[in-house]
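> no FASTA, just this:
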């Protein structure tokens with residue numbers, strides 16, 4: 001399973017970097033996406049990156065503030081979050097999609113909580 005980490009409490013305007021550790025057998029040929037779920041809301045897409053790292057895509061709400069990257073040597077995908085806002089508060093999940101088939105995510109992590117105070 002994927003393992004998300006790096007969440008915590010941060011003030012508005014601050015930064016956090018989330019990490020998603022991917023089992024080596026899953027890392028190859030899997031695109032990875034980040035999602036988040038705020039209290040009382042449905043889970044929403046945040047960002048995704050292909051296995052090669054050559055292509056990434058962001059939700060409009062985070063574009064220009066968040067950056068997704070991956071280090072395949074370390075089997076890890078990162079989500080750098082800058083200029084955080086209280087509305088970014090949520091549990092963040094990473095998920096892996098075989099062949100970057102974004103219509104289906106095969107593996108999910110357990111989530112890491114990000115709290116942004118105003």
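On my side now, so go ahead. Computed from a predicted structure; not experimentally measured.
> In space, what's closest to the residue nearest the centre of the chain - neighbours in sequence excluded?
By C-alpha atoms, centre = their mean, the mean C-alpha position of the chain lies nearest to residue 34, the distance being 2.9 Å. Distance criterion C-beta to C-beta, 6 or more residues apart in numbering; nearest residue to residue 34, sequence neighbours excluded, is residue 46 at 4.3 Å. (C-beta placed from N, C-alpha, C; glycine too.)
> In the protein, where is pLDDT below threshold?
For the chain, applying pLDDT under 70 flags the ranges 26-27.
> how many other residues sit next to the residue nearest to residue 34?
By other C-beta atoms under 10 Å, 24 other residues sit near residue 46.
> May I have the beta-bridge partners of the residue nearest to the centre of the chain?
Residue 34 has the following beta-bridge partners by DSSP bridges: residue 47, residue 94.
> Please look at it and residue 18 and confirm they touch.
Yes - taking contacts as C-beta atoms under 8 Å, residue 34 lies within contact range of residue 18: 7.2 Å.
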